[in-house]
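Asks: Sequence plus predicted model, see below.
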Amino acid sequence: MPTNAVTATRTGPGFDERPVTPSRRRRPGDGLAGYLFLSPWIVGMLLLTIGPMAASLYLSFTDYNLFTTPEWIGIDNYRRLFDDSRWLRSVQVTGMYVLLAVPVKLAAALAVAMLLNSQRRGQGIYRAAFYGPSLIGASVSVAIVWKALFSDDAAVDRLLSMVGIRTGGWVGNPDFSLLMLVLLAAWQFGAPMVIFLAGLKQVPRELYEAAEVDGAGRWRRFWSVTVPMISPVIFFNLLLETINSFQIFTSAYVIGGRNGSPAGSTLFYTVYLYDRGFTDFRMGYASAMAWMLLLGVGLVTAMLFRTARGWVHYSGDNR
Amino acid sequence: MSSSGQGATNPAGIGAGRRRAGRRRRWGSIGWHLAALALLAVILYPVAWVVSASFTPSASIIGDLELLPRDPTTDNYRRAAEGMAGISVWRFFWNSTVLAVLAVVGTVASSALAGYAFARLRFRGRSTMFVLMISTLLLPFHVLIVPQYAVFQNLGLVDTYAPLLLGKFLAAEAFFVFLMVQFMRNIPNELDESARIDGAGQWGTFWHIILPLSRPAMITTAIFTFIWTWNDFLGPLIYLSTPDKYPLPLALQLYIDQTTLSDYGALMAMSMLALLPVIGFFLFFQRFLVEGVSTSGLKG
């Protein structure tokens, strides 16, 4: 396949302006066929995305418990959020998690990608094996295994006490429980790693040779050649991992339960949203929470795009 | 990027230098493999541990670091198969399979249709709709769940599989539409131009030319959809309330709630059963999976 992650990062508005090929023109009959082929998607978009989005925005200004008609209360839901200590807690927990999990995971992904980027026998097997955890990491099974491994007196606890660190198990310790979930995220470094590898393969070898002739050491070559050359891929991974990390649910719910135990240390935003909406049936409140999440993710995404101008370099014609 | 190749400048002579560089390269290679294998051992330890734990008697699972159970037993699997609340584990397995297979059919079909329209056809509003499609990639699912739930509730479809599957048949997963578009854009135009000259209509072109050539994208979509649906937890958690409709992840959660972790052995065996199809898919299709990630940015 000629496409790769680098081209994927260049998509977004504007991507579609280029014609498929210069010879491609609109032909009679394309129009109707286009709408027909697209009809499932159009129905889905209206029914499952645009409609619900509008409804969710409306509901966020109402008191709604699913069984009675929504009652308009203006911005009360939003105002209440800031007096809700559990909401504030969930913002804090999720923010900490994103700040920790994203860099740790991406650093691991890049390090292993660099390791695998040299020509060695069996490289494909290593690549696949390192990717493996990414596939199962988000499952309930792995969350259960994680919980077992990090329990009091279980594998991790025992290994740490051998070197003199006593944690009393990470599952029950509010100081460590978040870190345990960060490690679970980092363990799934395989997906960004594969994307990094695709990017690294595109860096021309001559650049490294030229840098070496100029006397650049390993570290210097990494910062002056590798990082700028793969910066679009770094940005792509950063964006995707950040957006995904905000939405962590399964592992948090399985390990920490609805209340984010111990002591609210794993009360992630989506866990609290689920609890409010689908346990307490406070659907208006949950909708307001969802819109605050969208706002938060949107703000962070916009900030990433803004800083990207300074450090993401697109080679070639695109910018 | 190894720092070998300085042999030519070695004053001791070209031949000796090359031999030394070759030896250094061999040692470097062994060192590389050792490092990679050590890392792999750490990464795969949890997977190996759950395999072992599923054959270890319940009482001694926690606290066991070893990967070979001292007195292996299949008791855990026997108890896991009995399931819970009078429902056999195979029932949950079957439910997961039905959900995943239907999801695959729906997603592959609807994404291929949408992909063809976006990639190969020109019509009014296409660019706008494409941007719309791409922007849903960034949209948190949580913004939609409350109204979606309300709608399905009013239609009387809660506690059925409809809410979990409808989106799959309506190309709601933008990643896969995008994957199809990327793939179909790169099929040479001459192929369908000539089909057109031979009298094929849009459907004929799609069915006989584009679809067969898009098989790799379809396989990638199918595998990822299967695995994601198999692992999905939030959707079933919200929509299903009757235990005998539960897929495996929800059954696992139910089991934790019911036994309050007293029977770790059966839990590990059930976890293994839930992981097996995914691991199987991984072993069979790992090339497609890895390629799929590197070409489209699909996540695991």
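Replies: Looks like it came in fine.
Asks: Run through the strands of the chain in chain order.
Replies: This is for chain A. Counting by DSSP state E, chain A has these strands, from start to end: A:62-63, A:71-72.
Asks: hm, I was asking about chain B
Replies: According to DSSP E, chain B contains no strands.
Asks: What ranges in it fall below the confidence cut-off?
Replies: Scanning chain B with the threshold set as pLDDT under 70 gives B:1-19, B:21, B:259-262, B:299-300.
Asks: Kindly list the longest helix within it.
Replies: If you go by DSSP state H, chain B has its longest helix at helix B:14-53.
Asks: wait, doesn't B:Lys245 sit right on B:Val158?
Replies: No. B:Lys245 lies out of contact with B:Val158 (Cβ atoms under 8 Å); the separation is 11.1 Å. Backbone N, C-alpha and C define where each C-beta goes, glycine included.
Asks: more crowded one of those two?
Replies: B:Lys245 (19 against 16; other Cβ atoms under 10 Å in any protein chain shown).
Asks: okay, now the closest residue to the more buried one other than its chain neighbours: neighbour count?
Replies: Nearest in space to B:Lys245, with sequence neighbours left out and distances taken as Cβ to Cβ, 6 or more residues apart in numbering or on different chains, is B:Asn95 at 6.2 Å. Using other Cβ under 10 Å, B:Asn95 has 21 neighbouring residues.
Asks: what's stretch B:157-166 in contact with?
Replies: Here stretch B:157-166 makes contact (Cβ atoms under 8 Å, 6 or more residues apart in numbering or on different chains) with A:48, B:98-99, B:102-103, B:106, B:148-149, B:152, B:232, B:235-236, B:239-242, B:245.
Asks: List only those of the residues you listed flagged as buried.
Replies: Those of those that meet the buried threshold are A:48, B:99, B:102-103, B:106, B:148-149, B:152, B:232, B:235-236, B:239-240, B:245, by 16 or more other Cβ atoms under 10 Å in any protein chain shown.
Asks: could you dump those residues to TSV with distance to B:Arg25?
Replies: Below are these laid out as TSV (distance: Cβ to Cβ, whole Å):
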residue	distance to B:Arg25
A:Leu48	56
B:Leu99	51
B:Leu102	53
B:Ala103	49
B:Gly106	52
B:Gln148	58
B:Tyr149	61
B:Phe152	62
B:Asp232	47
B:Gly235	52
B:Pro236	53
B:Tyr239	58
B:Leu240	58
B:Lys245	59
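Asks: In chain B, what residue spans correspond to helices?
Replies: Under DSSP H, chain B gives helices at B:14-53, B:75-82, B:89-120, B:126-135, B:142-154, B:162-169, B:174-185, B:189-197, B:202-204, B:211-213, B:215-231, B:234-239, B:248-259, B:264-296.
Asks: quick one, which of these is packed in tightest?
Replies: Greatest average neighbour count among the helices of chain B goes to helix B:174-185 (a mean of 24), per mean count of other Cβ atoms under 10 Å in any protein chain shown.
Asks: ok, A:Asp153 - contacts?
Replies: Per Cβ under 8 Å, 6+ apart, neighbours of A:Asp153: A:169, B:62-63.
Asks: before we move on, the earlier item: so does the longest helix of chain B get close to chain A?
Replies: Yes. Counting by Cβ under 8 Å from any Cβ of the partner chain, chain A is contacted by helix B:14-53 at B:29, B:32-33, B:35-36, B:39-40, B:43-44, B:46-47, B:49-50, B:53.
Asks: Run a quick neighbour tally on A:Phe148.
Replies: That one is not Phe; residue A:148 is Ala. Each residue near A:Ala148 was counted by other Cβ under 10 Å, and the total is 24.
Asks: any idea how far it is from A:Pro133?
Replies: Distance of A:Ala148 to A:Pro133, given as Cβ to Cβ, to the nearest Å: 16 Å.
Asks: So for A:Val98, which of the helices of chain B sits nearest?
Replies: Proximity to A:Val98 (Cβ to Cβ) singles out helix B:142-154 among the helices of chain B, at 15.2 Å.
Asks: Put the alpha carbons of that closest one into CSV.
Replies: Provided in CSV are the C-alpha atoms of helix B:142-154 (Å, rounded to 0.1, in the frame of the first residue of the first chain):
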residue,chain,number,x,y,z
HIS,B,142,-19.9,10.0,25.3
VAL,B,143,-21.5,13.1,23.8
LEU,B,144,-23.8,10.7,21.9
ILE,B,145,-24.7,8.0,24.5
VAL,B,146,-27.4,9.7,26.5
PRO,B,147,-29.6,10.7,23.5
GLN,B,148,-28.9,7.5,21.7
TYR,B,149,-30.0,5.6,24.8
ALA,B,150,-33.1,7.7,25.1
VAL,B,151,-34.0,7.0,21.5
PHE,B,152,-33.5,3.2,21.7
GLN,B,153,-35.4,3.2,25.0
ASN,B,154,-38.4,4.9,23.3
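Asks: Tell me how far that helix lies from the chain's centre.
Replies: Remark: helix B:142-154 is offset 26 Å from the chain centroid, using Cα atoms, centre = their mean, to the nearest Å.
Asks: May I have the residues that are in contact with B:Leu240?
Replies: Going by Cβ under 8 Å, 6+ apart, B:Leu240 touches B:159, B:246-247, B:250.
Asks: What values do phi and psi take at it?
Replies: Main-chain dihedrals, B:Leu240, degrees, to the nearest 10: phi -100, psi 140.
Asks: residue of the stretch 101-250 of chain B with the smallest distance to chain A?
Replies: As assessed by Cβ to the nearest Cβ, chain A sits closest to B:Leu170 within the stretch 101-250 of chain B, at 2.8 Å.
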